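Participant: sharing a model prediction with you, sequence too.
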Amino acid sequence: MALKETKQLNLKRNERIDVDYIKGILQPTPTCATWDEIWNFQAKPDDLLISTYPKAGVTQANAMPSPRILKTHLPIQLLPPSFLEKGCKIIYVARNPKDNLVSYYHFHKMNAALPDPGTWEEYFEDFLEGKVCWGSWHDHVKGWWNAKDKYPILYLFYEDMKKHPKHEIRKIMKFMEKNLDEDALDKIIYHTSFDMMKKNPMANYTAIPGEIMDHSVSPFMRKGSVGDWKSYFTVAQNERFDEDYKKKMMGTTLTFCSSL
């Protein structure tokens, strides 16, 4: 296994799983253990890859029909080369960082396959420093944004999918070179709505054993709203986050909506 960095993160809290660095990006050890297999994965030209930073709303896209749909949380620099070499179509879904942080925090709390997030205050700092699995949110969204003009990548925003689902699904269909009549489109909108998917065992992960995902701590599909971060951020944290955001996102044309 070729790992550029194998320094283990000292979480200084009750750990549920170990983590290592792969090329500077924090990953759960099961990913590290199979990294050669992941890196050498051979994509097929007709594969569709769905990519997001964790808890950015990817489940909504999984209802799409064939060709084969694959999912990843990897940043662009860790993507197995075959996806780009074979010209696979890729859909990237980005979510505003404040809601993404809150959702990811709750996902850590209920998911024993990830390290314990500690307190909200601790996790807030870890997120800003990029010391979370799959790395910095800022680098992740910028990396895929910069790649979208070089490769067949459709870059979508979770907030747009919430506000204008029909428009965004039409955008996906055009990207996939598929035609749908209005009835089919309406059915997709209905079945991929957050409320419906939260009830669907195929999407809500309730079939996963409780010792791995404890839905009594937090459901996998929690709220799916835009602006929920306001219930968690203190005024000081919001100011600190905004200042940090300006520094890390300076020079990019990428913009996000943090409330609807």
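Facilitator: Perfect, I can see it now. Quick caveat: nothing in here was measured; it's all calculated off a predicted structure. Numbers count the residues shown, from 1 in each chain.

Participant: now do the helices in the protein.
Facilitator: Ranges of helices in the chain, per DSSP state H, are 29-33, 35-39, 82-85, 97-110, 120-129, 137-147, 158-163, 165-175, 182-191, 194-199, 201-204, 235-248.

Participant: name the stretch among these that sits most buried.
Facilitator: helix 97-110 (a mean of 22; mean count of other C-beta atoms under 10 Å). For every residue, glycine as well, the C-beta is placed using N, CA and C.

Participant: how far off helix 137-147 does that helix point, in degrees?
Facilitator: Following axes from the mean of the first three to the mean of the last three C-alpha atoms, to 10 degrees, one obtains 120 degrees for the angle between helix 97-110 and helix 137-147.

Participant: can you check the pLDDT for the residue nearest to residue 20 when sequence neighbours are not counted?
Facilitator: Spatial nearest neighbour of residue 20, chain neighbours left out: residue 32 (4.4 Å); criterion: C-beta to C-beta, 6 or more residues apart in numbering. As predicted, residue 32 sits at a pLDDT of 91.

Participant: and what of residue 222?
Facilitator: With respect to pLDDT, residue 222 scores 54.

Participant: do residue 193 as well
Facilitator: For residue 193, the model assigns a pLDDT of 69.

Participant: and residue 37, how far from residue 30?
Facilitator: From residue 37 across to residue 30, the span is 11 Å (C-beta to C-beta, to the nearest Å).

Participant: that older thread, would you turn the helices of the chain into JSON lines with distance to residue 21?
Facilitator: Formatted as JSON lines, those follow (distance: least, C-beta to C-beta, whole Å):
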{"stretch": "helix 29-33", "distance to residue 21": "8"}
{"stretch": "helix 35-39", "distance to residue 21": "11"}
{"stretch": "helix 82-85", "distance to residue 21": "22"}
{"stretch": "helix 97-110", "distance to residue 21": "18"}
{"stretch": "helix 120-129", "distance to residue 21": "14"}
{"stretch": "helix 137-147", "distance to residue 21": "14"}
{"stretch": "helix 158-163", "distance to residue 21": "28"}
{"stretch": "helix 165-175", "distance to residue 21": "34"}
{"stretch": "helix 182-191", "distance to residue 21": "39"}
{"stretch": "helix 194-199", "distance to residue 21": "33"}
{"stretch": "helix 201-204", "distance to residue 21": "31"}
{"stretch": "helix 235-248", "distance to residue 21": "20"}
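
Participant: which of the ones you listed comes out lowest on mean pLDDT?
Facilitator: Looking at these, the bottom one is helix 201-204 with a mean of 54.

Participant: circling back: wait, which of the helices of the chain is closest to residue 228?
Facilitator: helix 97-110 (5.8 Å; C-beta to C-beta).

Participant: show me what that closest one is packed up against.
Facilitator: On a contact count with 3 or more C-beta pairs under 8 Å, 6 or more residues apart in numbering; DSSP states H and E, helix 97-110 meets helix 120-129, helix 137-147, helix 235-248.

Participant: next one: residue 154 from residue 142, what distance?
Facilitator: From residue 154 across to residue 142, the span is 17 Å (C-beta to C-beta).

Participant: ok so, going back, quick one: which of the helices of the chain is nearest residue 47?
Facilitator: Between the helices of the chain, helix 82-85 lies closest to residue 47; by C-beta to C-beta that is 7.3 Å.

Participant: elements contacting the closest one?
Facilitator: Against helix 82-85 (3+ C-beta pairs under 8 Å, 6+ apart) you get no helix or strand.

Participant: just to revisit the earlier point, now the helices and strands packed on helix 97-110 in JSON lines, with distance to residue 257?
Facilitator: As requested, the helices and strands packed on helix 97-110 are exported to JSON lines (distance: least, C-beta to C-beta, whole Å):
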{"stretch": "helix 120-129", "distance to residue 257": "19"}
{"stretch": "helix 137-147", "distance to residue 257": "13"}
{"stretch": "helix 235-248", "distance to residue 257": "14"}
